[in-house]
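*Asks:* generate coordinates for the sequence data below:
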Amino acid sequence: SRVNGLLRSIDSRILAKGPDDVEVYIHDKISVAKFDNVYRSTMFNRLIRFLLERDLFKLAISVYKRMLQEQFLPSRDISLKVTAVTEVVDDIADAFVSMRNVDLSASGNMVSAMVTACMRADKMSAAECWLKKYESDCMEQGVAPDAAPYAAILETLQEIQPENCGAVQATLYRMRSEGVTPDISVFNTLIRSSLARREYTEAFGLYHAIMANCSSSLLPSDLTFKKLYHVSKIFGHKRSRKYKRPDNAVPPRQLFRDMVQCHLLRTGNAPLAHSNIISISCLHLALRTFMTLEDYPAALMTLRAFDYFGFQPNLQTYLIVITSLVLRIKQELGHVCRAGKYRFADFVVHMRPQEPPDIDVLERRIQREEPVLELSGSSSVGPETVTHLLTLGEPTASSRSETAHAGRKRLPTPVIPTVDMLIGATLLLPFQELSLAPLVRLLRKMMFVSLFRK
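*Replies:* Sure thing, here's the model as predicted:
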């Protein structure tokens, strides 16, 4: 547990200060005075593996050298990895000498890998040599450099020197002077960097620049939308007062429309075709955003998009919807409601499965205190609440024909998950598919009661 705590503290420090400012912190944390026990060798091995997994080669090599100085033996796996990293970095720096007469103008991806490896190993002069050779070869061949090496530089700067805005600006100026046209990976890195610095106006300005220059060679990707959905969720929530919404912020619904339009543009109006713009993880983030904002019509639209774009809902889809509703119910039931006022949660706990929502019927049940869902406390929610929400997704007598859309091009018997499946107590078999219809019916009812809460 002490090693786990050490790794968590180092991870937090790297996120807060960046890897350049963490070396002294790490060596202080693993001093004999602070970490003197029989598991010190295990600590060294786990810490080095932790650093290697994050491509922090310089730090990993530094800790490895200290481990050897203290006469601890690294595991064979760690020893091989550190030796390989050291040799590779040295070879990359030395390889430049042997490639002086090789044309690199058509090797943008290789140059990206070389530059990135050198930067992570703190060999900035070697990285500069590779980039200069690439630019020189492109000039001799009369072609514009590819954006890939510069995107790699910006991405690596964000990881190893997140506060070095000067280096980012210098890279962008260098791109302009070399005639490099930014691609979406460059824009995504800049958006990510702006969001990390909480410069939200700049981040949305970059998005507007992408959309103003949309073409077959420049379209936003799912990473673009993921980043902006996340920050839009923060701005759009009515209870958020920590961050000020910038004037150029894009509403989540507009982001969704842009995402659909760009996907169709990329695929030639073929919604089922694959693209790097719409993914199931991106749809899940859009769904989570709309559920957090209590925008159930938009959430319903997102669920419909699963079928339209050929994605199969999974347990995560159900968890996003159910968890959001449970949290809202718990929060509302935890506050006293004035007489004559009805909350969203009041309507939900008085709804019966397989019954069309009728606002007059629900009001009478609330007034008579006849809840369908019995809670153990005023704001106590648990498995019974989840079960109740799942049963509200069952078809009513008048809507059994609605399920046809969810079964289109699916297995004949899609599964409706149980509470045990949602919490992981019962596993979903690999060949089983989940039905979209219950979530669609549930959100229709939630949308209805949201309109009539008092």
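*Asks:* helix, strand, or coil at E394?
*Replies:* coil (DSSP: H, G, I helix; E, B strand; the rest coil).
*Asks:* distance of it from H350?
*Replies:* Relative to H350, E394 is positioned 17 Å away (Cβ to Cβ, to the nearest Å). For every residue, glycine as well, the C-beta is placed using N, CA and C.
*Asks:* cool, A113 as well?
*Replies:* From A113 to H350 the distance is 61 Å (Cβ to Cβ).
*Asks:* neighbour count: these two, which is higher?
*Replies:* Each of A113 and H350 had its neighbours counted (other Cβ atoms under 10 Å), and the higher figure belongs to H350 (22 against 15).
*Asks:* the nearest residue to the more buried one once chain neighbours are set aside: neighbouring residues, count only.
*Replies:* In this structure, H350 finds its nearest non-sequential neighbour in R365, 4.3 Å apart by Cβ to Cβ, 6 or more residues apart in numbering. The number of residues packed near R365 is 18, by other Cβ under 10 Å.
*Asks:* same thing with F347?
*Replies:* F347, neighbours per other Cβ under 10 Å, totals 23.
*Asks:* sec struct for it, please.
*Replies:* Going by three-state DSSP: F347 is helix.
*Asks:* burial count for I160?
*Replies:* For I160, the neighbour count with other Cβ under 10 Å is 19.
*Asks:* cool, N109 as well?
*Replies:* The local packing of N109 (other Cβ under 10 Å) involves 12 other residues.
*Asks:* same check, this time on T426
*Replies:* Neighbours around T426, by other Cβ under 10 Å: 12.
*Asks:* element containing the closest residue to it other than its chain neighbours?
*Replies:* Sequence neighbours aside, D420 is the residue nearest to T426 in space, at 3.9 Å (criterion: Cβ to Cβ, 6+ apart). D420 belongs to helix 419-423 when assigned by DSSP states H and E.
*Asks:* give me the contacts around that helix.
*Replies:* If you take Cβ atoms under 8 Å, 6 or more residues apart in numbering as the criterion, helix 419-423 is touched by L315, Y318, L319, I322, P383, V386, T387, L390, T426, L427, L428.
*Asks:* how far off centre is it?
*Replies:* 24 Å (Cα atoms, centre = their mean, to the nearest Å).
*Asks:* just the buried positions in it, please.
*Replies:* V419, M421, L422 (16 or more other Cβ atoms under 10 Å).
*Asks:* which residues touch the residue nearest the centre of the chain?
*Replies:* Taking Cα atoms, centre = their mean, the centroid of the chain lies closest to K226, which sits 5.9 Å from it. K226 is in contact with S281, C282, L285, counting by Cβ under 8 Å, 6+ apart.
*Asks:* about what we covered before: in TSV: the buried residues of helix 419-423, plus pLDDT and distance to T171.
*Replies:* Shown next, in TSV, are those (pLDDT from 0 to 100; distance: Cβ to Cβ, whole Å):
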residue	pLDDT	distance to T171
V419	85	51
M421	86	48
L422	86	46
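*Asks:* now those residues as a markdown table including distance to L451?
*Replies:* Formatted as a markdown table, the buried residues of helix 419-423 follow (distance: Cβ to Cβ, whole Å):
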| residue | distance to L451 |
| --- | --- |
| V419 | 28 |
| M421 | 31 |
| L422 | 28 |
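*Asks:* name the nearest of those relative to M259.
*Replies:* Using Cβ to Cβ, L422 comes nearest to M259 of the buried residues of helix 419-423, at 27.3 Å.
*Asks:* quick one: that closest one from I416, how far?
*Replies:* Applying Cβ to Cβ to L422 and I416 gives a distance of 11 Å.
*Asks:* pretty sure I234 sits against P246.
*Replies:* No. Using Cβ atoms under 8 Å, I234 makes no contact with P246, being 11.6 Å away.
*Asks:* joint contacts of those two?
*Replies:* Common neighbours of I234 and P246, counting by Cβ under 8 Å, 6+ apart, are absent.
*Asks:* what sits against L56?
*Replies:* Neighbour list for L56: I14, P19, R120 [criterion: Cβ under 8 Å, 6+ apart].
*Asks:* can you give me the neighbour number for the first one?
*Replies:* Per other Cβ under 10 Å, the neighbour tally for I14 reads 22.
*Asks:* quick one: what helix or strand has it in it?
*Replies:* helix 2-17.
*Asks:* what segments of the stretch 251-400 of the chain are helices?
*Replies:* 252-267, 280-292, 296-308, 315-333, 344-349, 359-368, 383-391 (DSSP state H, counting those that start in this stretch).
*Asks:* remind me which residues of the stretch 251-400 of the chain are low pLDDT?
*Replies:* By pLDDT under 70, the low-scoring segments of the stretch 251-400 of the chain are 376-380, 396-400.
*Asks:* and the residue lying farthest from the centre of the chain, how close does it get to H350?
*Replies:* Distance from the C-alpha centroid of the chain, by Cα atoms, centre = their mean, peaks at R368 (45.3 Å). Using Cβ to Cβ, R368 is found at 9 Å from H350.
*Asks:* ditto for P357
*Replies:* According to Cβ to Cβ, P357 and H350 sit 10 Å apart.
*Asks:* list the contacts of the residue nearest to L47 when sequence neighbours are not counted.
*Replies:* Excluding its sequence neighbours, the residue lying closest to L47 (Cβ to Cβ, 6+ apart) is V63, at 5.7 Å. Neighbour list for V63: I26, H27, I30, F44, L47, I48, L51 [criterion: Cβ under 8 Å, 6+ apart].
*Asks:* which among these end up buried?
*Replies:* Neighbour-count burial (16+ other Cβ under 10 Å) is assigned, among those, to I26, I30, F44, L47, I48, L51.
*Asks:* doesn't R66 make contact with the first one?
*Replies:* No. In terms of Cβ under 8 Å, I26 does not count as a neighbour of R66; the distance is 9.4 Å.
*Asks:* hey, what's in contact with both of the two?
*Replies:* By Cβ under 8 Å, 6+ apart, no residue touches both I26 and R66.
*Asks:* roughly how far apart are Q69 and V32?
*Replies:* Taken as Cβ to Cβ, the span from Q69 to V32 is 12 Å.
*Asks:* before we move on, what about C118?
*Replies:* Using Cβ to Cβ, C118 is found at 34 Å from V32.
*Asks:* neighbour-wise, which of those two wins?
*Replies:* C118 (23 against 9).
*Asks:* now the more buried one, nearest residue through space, not along the chain?
*Replies:* Nearest one to C118, counting by Cβ to Cβ, 6+ apart, is A127 at 3.8 Å.
*Asks:* do D55 as well
*Replies:* Excluding the flanking residues, the one nearest D55 by Cβ to Cβ, 6+ apart is R120, at 5.3 Å.
*Asks:* which ones are touching that neighbour?
*Replies:* D55, L56, F57, K58, T156, I160.
*Asks:* state the pLDDT value of it.
*Replies:* Looking at R120, its pLDDT stands at 79.
*Asks:* so where do the strands sit in the stretch 51-200 of the chain?
*Replies:* For the stretch 51-200 of the chain, strands defined by DSSP state E, counting those that start in this stretch do not occur.
*Asks:* how about stretch 339-348: buried residues?
*Replies:* Y342, R343, F344, A345, D346, F347, V348.
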